[in-house]
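S.K.: Quick one, fold the following:
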Amino acid sequence: MSQHKGKIAAAIAAVLLLFYLIAVYWSIEPDRFDVLENAKQQASERNEQLVTGYVTTSTLITVTQSLLDKPGGYLSNDMMPPSVMMDNMPAWEYGALEMARDMALSMRKDFSRSQSQSTEHPSLKKAQPQFNISNTAWMWPSAEGEYQKGIELLIEYRSQIADSNDRQSQFYARADNLRAWVKEAEKRLGSLSQRLSASVGQERLNTDLAGDREAHQATYAPHEQMVRTSWWKIDDTFYEARGATWALLHFLSAIEHDFADVLEKKNAKVSVQQIIRELEATQEPVWSPMVLNGSGFGFVANHSLVMANYISRANAALIELSELLAQG
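M.R.: Prediction:
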């Protein structure tokens, strides 16, 4: 009997070890890619011209496709082990997905339209909502299926702007269009920075209505409140930030190419390059086996505060970039 129990215990241990090794492999984050070379390769394969907007559209396509094609595929909606027990990679996927959603929305309402009264591009009108399905949807329609439909519609739009005979399909590289997207990226990074900084908890003054004596809000909020990220959510927030900054890195690199003339005129190219440099630091390898949450100047490191530092600096540079784009 004891020998039989020993075999069962060994089998269970072997299965758990297998699940662990699979989880480690599936937790490998996608590598960074060269956005220009990626666009050139896709243009060559499809015999298309590398027109304005081709790099940005190709980058959005590749970023979203990476969510589906990386090791283990898309994990956020998996219902079976070991992925159902994983949370870091799903958090990473959500961060990257949120940045992709913002870019898809900006392409639909800004980059593809000449002015506010112009009509939406039909392919982007259908593509953008496909990315808004819940990231955890697993039954019909599944998240992967809807995202793939969105990718195919983006490919359709890219082919249309590359067609010199299609005058209705355009990508407008203008300062006002770019600034609208930059403002969205600011908000994403600002939120992530606040959540990461709250890993140690702190008393914060309420600045919601600062700067406007006549301002009001729906319900009462205390003058001071303790803000602290749950201990169980610290690693999720960290990896969500990793995914978001990974996607944003690629989008900024694409913007640097497609909006090169605009950035040169505004003397803002170096600002984009500096933001990219700040975000590159967020992708450095995490050598610790877990996300540590030491106090600010304590003996143990606090990975969330380090990440918040890089993101805050990038966010400050984004704000400066937005101001440069607003200038005549």
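S.K.: doesn't residue 104 make contact with residue 247?
M.R.: No. With contact defined as CB atoms under 8 Å, residue 247 does not count as touching residue 104 (11.5 Å). In this view, the C-beta of every residue, glycine as well, is placed from N, C-alpha and C.
S.K.: From residue 176, how far off is residue 259?
M.R.: Separation of residue 259 from residue 176 (CB to CB, to the nearest Å): 11 Å.
S.K.: quick one: which of these two has more around it?
M.R.: For the pair residue 259 and residue 176, the greater number of neighbours falls to residue 259 (27 against 12), based on other CB atoms under 10 Å.
S.K.: Pull the contacting residues for that one.
M.R.: By CB atoms under 8 Å, 6 or more residues apart in numbering, residue 259 lies in contact with 173, 178.
S.K.: Could you do residue 271 as well?
M.R.: Each residue near residue 271 by CB under 8 Å, 6+ apart is listed here: 263, 317, 320, 321, 324.
S.K.: Filter those residues down to just the ones in helices.
M.R.: Counting by DSSP state H, those place 263, 317, 320, 321, 324 in helices.
S.K.: Nearest spatial neighbour of the last one, chain-adjacent residues omitted?
M.R.: For residue 324, ignoring the flanking residues on the chain, the nearest one in space by CB to CB, 6 or more residues apart in numbering is residue 268 at 4.3 Å.
S.K.: I'd assumed residue 323 was in contact with the one you found.
M.R.: No. Between residue 268 and residue 323 there is no contact under CB under 8 Å: 9.4 Å.
S.K.: Look at the two and report which has more neighbours.
M.R.: It is residue 268, of residue 268 and residue 323, that has more neighbours when counted by other CB under 10 Å, with 23 against 14.
S.K.: Could you report the separation of that one from residue 252?
M.R.: 12 Å.
S.K.: And the strands in the protein, which stretches?
M.R.: Along the chain, counting by DSSP state E, strands occupy 202-205, 224-227.
S.K.: now the residue lying closest to residue 25 once chain neighbours are set aside: how far from residue 240?
M.R.: Nearest non-adjacent residue to residue 25, counting by CB to CB, 6+ apart: residue 71, 5.5 Å away. Between residue 71 and residue 240 the distance is 19 Å, computed by CB to CB.
S.K.: neighbour-wise, which of these two wins?
M.R.: In terms of neighbours (other CB under 10 Å), residue 240 is the more surrounded of residue 71 and residue 240; the figures are 24 against 14.
S.K.: I'd say that one and residue 91 touch.
M.R.: Yes. Residue 240 lies in contact with residue 91 (CB under 8 Å); the separation is 4.5 Å.
S.K.: which neighbours do the two share?
M.R.: Taking CB under 8 Å, 6+ apart as the contact rule, residue 240 and residue 91 have no neighbour in common.
S.K.: one step back: tell me who's in contact with the residue nearest to residue 25.
M.R.: Residue 71 makes contact with 25, 26, 28 under the criterion CB under 8 Å, 6+ apart.
S.K.: In terms of pLDDT, where does it sit?
M.R.: pLDDT recorded at residue 71 is 91.
S.K.: Give me the distance between it and residue 20.
M.R.: Note on residue 71: its distance to residue 20, by CB to CB, is 15 Å.
S.K.: now residue 317
M.R.: Taken as CB to CB, the span from residue 317 to residue 20 is 40 Å.
S.K.: Same drill for these two, tell me which one is more crowded.
M.R.: Set residue 317 next to residue 20 and count neighbours by other CB under 10 Å: residue 317 wins out with 20 against 12.
S.K.: For the closest residue to the more buried one other than its chain neighbours, give me its contacts.
M.R.: Of all residues not flanking residue 317 in the chain, residue 275 sits nearest, at 4.5 Å (CB to CB, 6+ apart). Residue 275 is in contact with 252, 314, 317, 318, 321, counting by CB under 8 Å, 6+ apart.
S.K.: One more pass at 10 Å, please.
M.R.: 182, 185, 189, 248-249, 252, 255-256, 313-318, 320-321 (CB atoms under 10 Å, 6 or more residues apart in numbering).
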